[in-house]
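S.K.: Kindly generate the corresponding structure for this input.
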Amino acid sequence: MVRVVEVTLEGLQGLEAEFATRLTERLVDVGGMALPKSGSVAIDLSWTSREVSAQELLRLLRSVLEELGIAEGCEVVLDEDRLVVRAKDRDAVLEGLRRSGALRRPQAGSELHQCPHCGYVTPYEELLREHLKIHYIGL
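M.R.: So this is what the prediction gives:
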C-alpha cells in the first residue's frame, strides 16, 4: 500500500529542499521520508510499519518550522486530504530564516520577491529572474 501525503508550501516556495531535508530527519524514526517538489513536499509513508496520524504529521511540520525559525510567521492547516504550510507574515518568515541560518547567502535582500504568475517566493532576486524563465520559455 502506497501512502503519500502532500504538504503544500504557500508563500514558502524555494524552501522545498530545505524543508524536505529537515522533515526527513524526523520521519526516519517511523520509516518515512520527504521529497521536495515544486511548491510542495511529498511525504512517503509507504515503508512505515505503523499508521502515522495526521496529528503526528502536524507536530512534525511544526517542529521543522521551529527549527527554521519561522513558526511565528507560518500556520499549518489540515485541508481535506493534504496539509498546508502557509506563510502569514512574510517579514517574520524572512527574519526567522536569517536568525536560524537557513538563508545562507549574506547578499539576500531584506524583502521576498514573488512571481506574478504562480506565487513562487524567494529572498533572492536572481533566483526569481531564473524562475520567471519557465513561464516564458516553457522549461
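S.K.: What is the strand or helix carrying residue 129 packed up against?
M.R.: Secondary structure assignment for residue 129, by DSSP states H and E: helix 125-137. The elements that helix 125-137 packs onto, with contact taken as 3 or more CB pairs under 8 Å, 6 or more residues apart in numbering; DSSP states H and E, are strand 113-114. All C-beta atoms are positioned from the backbone trio N, CA, C, and that covers glycine.
S.K.: Heading C-terminal from the strand it packs on, find the next helix or strand.
M.R.: strand 121-122.
S.K.: and residue 65, what does it touch?
M.R.: Counting by CB atoms under 8 Å, 6 or more residues apart in numbering, residue 65 touches 71, 74, 76, 85.
S.K.: Strands along this protein, start to end?
M.R.: Along the chain, the stretches classed as strands by DSSP state E are 4-10, 33-37, 40-44, 74-79, 82-87, 113-114, 121-122.
S.K.: Quick check: which of those strands is buried the most?
M.R.: Mean neighbour count (mean count of other CB atoms under 10 Å) peaks for strand 121-122 among those, with a mean of 22.
S.K.: what does that one contact?
M.R.: Residues outside strand 121-122 that contact it (CB under 8 Å, 6+ apart): 11-14, 87, 90, 112-115, 128, 131.
S.K.: want to try TSV for the strands of the chain, with mean pLDDT and distance to residue 64 as columns?
M.R.: Putting the strands of the chain into TSV (pLDDT from 0 to 100; distance: least, CB to CB, whole Å) gives the following:
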stretch	mean pLDDT	distance to residue 64
strand 4-10	91	10
strand 33-37	90	9
strand 40-44	92	9
strand 74-79	89	10
strand 82-87	90	9
strand 113-114	81	22
strand 121-122	79	17
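S.K.: Could you work out which of those strands reaches nearest to residue 18?
M.R.: When the strands of the chain are compared for distance to residue 18 using CB to CB, the nearest one is strand 33-37, at 8.4 Å.
S.K.: Run the angle between the closest one and strand 40-44 for me.
M.R.: Between the direction of strand 33-37 and that of strand 40-44, the angle (axes from the mean of the first three to the mean of the last three CA atoms, to 10 degrees) works out to 150 degrees.
S.K.: Okay then, goodbye and thanks.
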